[in-house]
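Undergrad: Attaching a predicted model along with its sequence, questions to come.
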Amino acid sequence: MAYSFERPENCVGALLTPAQMSRADALANNTESLMEAAGRAVARSIMQRCRKVPVLVLAGPGNNGGDGKVAARYLAQEGWPVRVKDFREAEPKDVSRAGLVIDAIFGAGLTRDLDERTIALLRAAQRIVAVDVPSGLDGATGQMRGYAPQAEFTVTFVRKKPGHLLFPGRALCGDVLRHDIGMPDAIIGQVGPDIWENGPGLFWLPKHSATGHKYSSGDVTILSGALPGAARLAAMAARRAGAGMVSIAAKDAAPLPEAGILLRHENLSVLLEDLRRKTWVVGPGLGLEVAGKKLAQLVAAKGLAILADADALSACASAPERLRGVSVITPHEGEFVRLFGPIGPDKLAAARRAATLTGAVTVLKGPDTVIAAPDGLAAINANAPAWLATGGTGDVLAGLIAALLARGMAPFPAACAGVWLHGEAANAAGPGMLAEDLPVLLGKLMQR
């Protein structure tokens, strides 16, 4: 059975770019009602999270400022001491006296850098709650427009924006509280979201058949060099993720890595004659020259599910067209730059360009991993803890995604599922985690 991707148009995990959000607002044609609900949501969030202190609302000229003014009215009704200031008339001394500042100056669609006067106002604040995004944060990219303040938390509406999940925006927003304010799902569907926060709403994990056998659960072959440490990690993950057969192919490899993982010494051309071998991992621990040659041989074989990582990516430096025919690529930022050039300020756009150029689902790894498909669909992952950044975890991810491909998942949902499970396993392991700890946790997570 093929587990393809079904586009969840109205999934609450959908992300809207500022342009898409503006279009949704225009289609709703109910600005006053939406603003009333948004301001009320800001006030309630503050009352739930903060003790009563003097509040200053810094109001901008657009809808963001209107939301702040409504929030001020609701807070005042509950006895909070509140002042509202047009940010063009406020002074830093006004801001510094407030116990809490509601930043309602600019929303997620800001397209210019903040001026020095506005920056001085925001720097003077002791505590900030942001409406939509901290002013100066680009809601599409998560980048600062010159400057953006650190918010204690951010209240946003309808759907999150990519900038809430992409760094440095994710850190600057603090906790992001999303509120429904009466925007109809039908309008979100008309806008046509094509970016999601990665999570189980994007994929169905394949189930084992009661009458299945090891080959019906998928065969994964991992190409390796003489020291199969990286391949062993990938193989462990592939087994735990449910692949029925997992082999490490290495002509001059060290002894068998562990029971249950087959070690094959045949040439790649011989292994390719076995038509059950449909899913391949190429790159980890191979060396650049060998990885490049074997990648070309796999691509030429046609009809295979190929995951390219590590040395297979570096072997294609400045020649990404050599990856045409690969199903999934999993570069970290250094490998990505060698392949495609500088990422630039828009990580999401860079990953999408790479996917279009190669025809492969691109997993641009990092604390805010982006998964991009050649047709423009994308997901941003937000569950990875800081301690996941340790040696060998990328090999585990490669084996995990390969197993899901072997079990019938299409490349985009397989990559989304693999990245999310990878992060969840790291969270379950906790600080002090080793890459070897992750495969053991995968089975329990997939059951859940």
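TA: Received the coordinates, thanks. Numbers count the residues shown, from 1 in each chain.

Undergrad: Specify the local secondary structure of Gly418.
TA: Here Gly418 is recorded as helix under DSSP: H, G, I helix; E, B strand; the rest coil.

Undergrad: ok, it - how many residues close by?
TA: A total of 30 residues lie near Gly418 under the criterion other CB atoms under 10 Å. To be clear about C-beta, it is placed using only N, CA and C from the backbone, and glycine gets the same treatment.

Undergrad: repeat for Ala312
TA: So Ala312, with other CB under 10 Å, has 30 neighbours.

Undergrad: now do Ala291
TA: 25.

Undergrad: quick one: least confident helix or strand in this structure?
TA: For the chain, the helix or strand with the lowest mean confidence is strand 262-264, at a mean of 86 (criterion: mean pLDDT, DSSP states H and E).

Undergrad: Give me the buried stretch members for that one, please.
TA: Across strand 262-264, burial judged by 16 or more other CB atoms under 10 Å covers 263-264.

Undergrad: now do stretch 347-358
TA: Applying a neighbour-count criterion of 16+ other CB under 10 Å, one finds 347-355, 357-358 buried in stretch 347-358.

Undergrad: I'd like to know which of those residues are part of helices.
TA: Among those, DSSP state H puts 347-355, 357-358 in helices.

Undergrad: circling back to that earlier point, any idea which helix or strand comes after the least confident helix or strand of the chain?
TA: Where DSSP states H and E defines the elements, the next helix or strand beyond strand 262-264 is helix 268-271.

Undergrad: Alpha carbons of that following helix, as CSV, please.
TA: Only the C-alpha atoms of helix 268-271 are listed here, as CSV (Å, rounded to 0.1, in the frame of the first residue of the first chain):
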residue,chain,number,x,y,z
LEU,A,268,26.7,-2.7,-6.0
SER,A,269,25.9,-4.0,-9.5
VAL,A,270,25.3,-7.5,-8.1
LEU,A,271,23.1,-6.2,-5.2
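
Undergrad: Numbering from 344 from now on, please.
TA: With 344 as the first residue, the last one maps to helix 611-614.

Undergrad: Averaged pLDDT, that helix. What do you get?
TA: Throughout helix 611-614, pLDDT has a mean value of 96.

Undergrad: how does the chain divide up, domain by domain?
TA: The record, using automatic domain parsing to delimit domains, assigns the chain the ranges 357-536, 544-790.

Undergrad: pLDDT averaged over the shortest one, what's the number?
TA: Predicted confidence along domain 357-536 averages 97 (mean pLDDT).

Undergrad: I'd say Leu781 and Ala584 touch.
TA: No: counting by CB atoms under 8 Å, Leu781 sits too far from Ala584 to count as a contact (10.6 Å).

Undergrad: and the residue of the chain positioned farthest from its centre, what does it touch?
TA: Distance from the centre of the chain peaks at Gly422, with 41.0 Å (CA atoms, centre = their mean). By CB atoms under 8 Å, 6 or more residues apart in numbering, the contact list for Gly422 reads Lys395.

Undergrad: and the gap between it and Pro571?
TA: 68 Å (CB to CB, to the nearest Å).

Undergrad: Let me know the closest of the ones in helices among the buried residues of stretch 690-701 to Val385.
TA: Among these, Leu691 lies closest to Val385 (CB to CB), at 27.0 Å.

Undergrad: you'd agree that closest one is up against Thr484?
TA: Yes: if you go by CB under 8 Å, Leu691 and Thr484 touch, sitting 7.0 Å apart.

Undergrad: shared neighbours, these two?
TA: 505, 509.

Undergrad: Double-check that Val563 belongs to a strand.
TA: Yes: secondary structure of Val563 (three-state DSSP): part of a strand.

Undergrad: Just give me the neighbour total for it.
TA: By the criterion of other CB under 10 Å, Val563 has 30 neighbours.

Undergrad: ok, now which ones touch it?
TA: 578, 581, 586, 588-590, 622-624, 742, 745-746, 749.

Undergrad: One more: Arg426?
TA: Neighbouring residues of Arg426 by CB under 8 Å, 6+ apart: 397-400, 415, 437, 441.

Undergrad: go again using 7 Å as the cut-off
TA: Leu399 (CB atoms under 7 Å, 6 or more residues apart in numbering).

Undergrad: Helices of the stretch 444-593 of the chain, start to end?
TA: Using DSSP state H, counting those that start in this stretch, the helices of the stretch 444-593 of the chain run over residues 459-466, 512-516, 528-534, 572-583.

Undergrad: and the third one, what does it pack onto?
TA: Based on contacts counted as 3 or more CB pairs under 7 Å, 6 or more residues apart in numbering; DSSP states H and E, the elements that helix 528-534 packs against are helix 361-371.

Undergrad: What is the burial count for the residue lying closest to Ala447 once chain neighbours are set aside?
TA: Once flanking residues are discounted, Ala447 sits nearest to Gly411: 2.6 Å by CB to CB, 6 or more residues apart in numbering. By the criterion of other CB under 10 Å, Gly411 has 28 neighbours.

Undergrad: Gly411 is in what secondary structure piece?
TA: Gly411 is located in helix 406-420, with elements delineated by DSSP H and E.

Undergrad: Might you report the residue contacts of Asp562?
TA: Per CB under 7 Å, 6+ apart, neighbours of Asp562: 587-588, 619-622, 749.

Undergrad: Now list the buried members of those residues.
TA: Among the contacts of Asp562, the ones that count as buried by 16+ other CB under 10 Å are 587-588, 620-622, 749.
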